[in-house]
Structure formats: C-alpha cells, structure tokens
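Asks: Here's a sequence, model it:
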Amino acid sequence: MEKLKILLSLIFLLFLTQTIFAQKKSVDLIVSGGTIVTMDAEKRLFENGAAAIQNGEIVAVGKALDISRQFAARQIINASGKVVIPGLVNTHTHIPMTLFRGISDDLDLQEWLTKYIFPAEAKNVTEDFVRVGTRLGLAEMIRGGTTTFCDMYYFEDAIADETAKAGMRGVLGETIIDFPAPDNKTHEQALAYTEKFVNKWKNHALIVPAFAPHAAYTVSEAHLGNIKKSADRLNAAVVIHVAETQTEVGDILKQKNLRPIEYLDKINFLNNRTIAAHVVFANENEIDILKNRGVGVAHNPQSNMKLASGVAPVPQMLLKDLPIGLGTDGAASNNDLNLWEEMDTAAKLHKVFARDPKILTAEQAFEMATIRGARALHLENLVGSIETGKRADIAIVDFDALHQTPFFNVYSHLVYATKASDVRTVMIDGKVVMRDRRLLTLNENVIKKDANAYQKKIIESLLR
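Replies: The predicted model follows:
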C-alpha cells in the first residue's frame, strides 16, 4: 500500500510539472543569471536578469525569476556572476587589412597610403587574400564581443560570403575609387560590380550590402553622382571617408571652394543612408548638416591618433545627438580590431583634449560602442540593445578577473577595465558563435596558418 502511495505521488508530481511546463511559452534559448546591461531608452540594468530568445529574436527581458515563470527553453546559458551586454558595433573597418598589420607604421596618412598601402595592395590583394584576411578579422572581432561591423574594401562579395558563413552581421561596402583597383579597373566596372553585389545580398538576414566610394578626394564629382543615383535606385547604404585630414580639407577647399562636408552636401550626396567615416574636421555648421541629413558617423580614435590625423569634435556631435559610433579602422592603421580599446581611448582622448574629465563619460563611450553605433549604421531597429523585438546579438563578459576587482560601477568597469579577453560567450542572431572562449564557426588554427603564409608573400612582394 505504501509503495502505491509513493507511486501515485510521483505520477501526480510528474503531471503537475508537465502542466506547469505546458503553461510556459517555449523558446529556443534563455540567457539567465547575469547582470543585463540593456542599453534601451531607459538604460535599464537587470541584476540577476534573463533574456528569452526565439527564432533569433529577443522576446522578453527582465528579472530571471520572472522570465523563468513565463518561458521554458530548449537551451539555457548560465550567466551568473557575469555581465550580459549588447554585441559591440564596429562602425568602420577594412577587414582584410589584418594581413597588413604592422607593415608600415609611424607615418602620416598620405605617405602611409601612397608609399606603402596602395603599392602593397596592388601587389597582393586577390580574392583569396581577401578571404584569408576576412576570416582572421572575423575571428578577432568575435573573440572581443563585436557582433556587427561596417566594412569597405575590395572583393566585398567574398567578404560578405565569409561573414555570412561565420554567422556575423555586417554592413559591407564595395570600394569604388578613381584608379585601377585589385578587383575592378574602371569606374564603370566597379559600379556594375557593386550593383550586382547589392542586388545579390540585399535581403540577407545578416548582410547589408553598400556602395563605398573611397573619399571625395579620390572619386570625382561625376562619379560620386553616379554612385548616389545607383544607391538611391537600390535604396542602398553608402559608406565614405569624410574630412579625415587637414590635407583633405585644404585640397577640397582649393578645388571646390567648399569644405568636404559642405561639398558633399552641395552635390546632394548626403542622406539618411550615408555612413561617414572619421569626420575629424567638421565645424558647427557641418555638424548641423550631418544631423539634418541623418548621416551616421564612425569615430576612429586610435587610428586617428596613430596617423596624427587629429581629434574629431565628438563631444559637440553628442551634444547635438548625432548617431556616432566607434570604429577601429583597418588593422594596418590601428593595429587591431579591439572595440574595448576604442571605448577606453575615446573617453580619455576627449577628456585630455578638452581638459575636462566630464566631457565624455564611460556610459557615453559604451553607448557609442552599442546602441549609438547601431544608429550610426542605421540598424538601431535591429541591434545595439537588449530589448524585446531586437535581434539577439549578445555578448557575455566575465567580471571576476584581477583587473576588474573590486566592482562598483558597471559602465566604469566595461569601459576602463574590461579587456577583449574577458568576453566569454557571443551569440549573433540568436546563434552561439563563441562558447566559453571557443570559436564555433571559425577554425582558429587554420586561420593563423593561412595568415602566416601570406606574411611571407607580402614581404617578398615588397622586396621586388
């Protein structure tokens, strides 16, 4: 009789458990237990929080207890003791240039480009070079918690292919420039290639294809006009270097009697699909132009410092609420793709330049690496924050290293103490691409082997 009672009790408990489970909504994945830094409009923080994810979309965010009452998941990632953040957004890269990391340093931009980079590209850049360099850059960025990047280079179709295979998100622009490039030798070829590229990738879940005229000083007014017409017709994004150096400003002033931003505005080139990289030299009127046209801005503090280009007026842009994010630029002028360093550098650079420690806070720097960076790429409806309806681009960060101990303020720790190596797990579009520091979509050993093989080829090419 006693055994029968026990058996009936077990059956009842099983029935009760199944009933409770059936009442919960089923989701693919729950990230639970960590401190969630949402970066939503209210900048909500959830200690012991959780996020429920279904079909790559965040369907709920809140306290872990509340989420566990509402949802049942096939997979649960335990983030206890860690910090859960939106995936970082790198607003400006030339990703295959990882293979040129360190070939020429300590030069100004024009000498660096004309004497070293352009010749090295002419001798080495092929589709295979681009694929190898892209895989290297993707692995480096994912390891550091970057989930979205904006790129401009050659053979961008190959970059899109490698990015999609790795499960990463990218706004990817095919470079168009007024001299023979590695993939297209004429403006007409480059424009045709880019239109085909945009049409091929325009409905992809992870890839946003774009036109990428190099700059106003390397692409003629007529060709800029052609690019703008094509981009408008295809409703495509446009990525361009703008006002990066004083030399550029002087040259365009001499040719057009206008500063770079004024010139681009006069020819109706700027709109709310434009992403302007660098923007180091912009006065108040030009900042207003960018704001009124809805242009996104990519601030690259370390690259600008290394090339001695100057200091962008970022505090003034933030005061006017411009969509401005952080970028690393290419690894040949940085020399890495580490957004944690960019956050730290941006906050400190503008403090010392303005001689005001309050001019750009840690929270603002982190915002530029997440939701404001997403705004700069015109992707704020998809990514940049952890909130209902957004795509699940999330990084889980360890917070117990010696350099993070003790802990007082989450934004201070994220910007001034956290390193890329503290990132533990990364998911993009709801799919885990790095778990416990192990890359799941890229083979790190093969990537290193292929990259080192190109190092030998590049050295030999420069000696010829």
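
Asks: what about Ala52, how many residues close to it?
Replies: Counted by other C-beta atoms under 10 Å, the residues lying close to Ala52 total 26. Heads up, the C-betas are built off the backbone N, CA and C, glycines and all.

Asks: start at 32 instead
Replies: I'll keep to 32 as the first residue from here, and by that count the last item is Ala83.

Asks: In this structure it contacts Phe102, no?
Replies: Yes - between Ala83 and Phe102 there is a contact under C-beta atoms under 8 Å: 4.4 Å.

Asks: Return every residue with contacts to both of the two.
Replies: 56, 58, 61, 90-91 (C-beta atoms under 8 Å, 6 or more residues apart in numbering).

Asks: residues contacting the closest residue to Tyr147 other than its chain neighbours?
Replies: With sequence-adjacent residues excluded and distances taken as C-beta to C-beta, 6 or more residues apart in numbering, Tyr147 is closest to Ser135, at 3.7 Å. With contacts defined as C-beta under 8 Å, 6+ apart, the neighbours of Ser135 are 143, 146-148, 151, 363.

Asks: if I pick Glu372, what's in contact with it?
Replies: Per C-beta under 8 Å, 6+ apart, neighbours of Glu372: 333, 451.

Asks: Redo the contacts of Ser135 as JSON lines? Include secondary structure and pLDDT.
Replies: Below are the contacts of Ser135 laid out as JSON lines (DSSP: H, G, I helix; E, B strand; the rest coil; pLDDT from 0 to 100):
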{"residue": "Trp143", "secondary structure": "helix", "pLDDT": "83"}
{"residue": "Lys146", "secondary structure": "helix", "pLDDT": "86"}
{"residue": "Tyr147", "secondary structure": "helix", "pLDDT": "86"}
{"residue": "Ile148", "secondary structure": "helix", "pLDDT": "88"}
{"residue": "Ala151", "secondary structure": "helix", "pLDDT": "89"}
{"residue": "Ala363", "secondary structure": "coil", "pLDDT": "92"}
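
Asks: Show the buried residues in those residues.
Replies: Listed as buried from the contacts of Ser135 are 143, 147-148, 151, 363; burial here means 16 or more other C-beta atoms under 10 Å.

Asks: Quick one: mean pLDDT for the helix or strand hosting Arg162?
Replies: Element membership for Arg162, per DSSP states H and E: helix 158-174. The average pLDDT within helix 158-174 is 98.

Asks: Would you mind pulling the contact partners of it?
Replies: Against helix 158-174 from outside (C-beta under 8 Å, 6+ apart): 121, 124, 126-130, 180, 184-186, 189-190, 192-194, 197, 199, 214, 362, 367-369, 451-452, 454, 457, 464-465, 468, 470, 472-473, 475, 478-479, 481-482, 485.

Asks: Would you show me how to pick out the buried ones of those residues in ChimeraX?
Replies: Buried residues among the contacts of helix 158-174 (16+ other C-beta under 10 Å), as a ChimeraX selection:
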select :121,124,126,127,128,129,130,180,184,185,186,189,190,192,193,194,197,199,214,362,367,368,369,451,454,457,464,465,470,472,473,478,481,482,485
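
Asks: quick one: which of the contacts of helix 158-174 sit in strands?
Replies: 121, 124, 180, 184, 454, 457, 464-465, 470 (DSSP state E).
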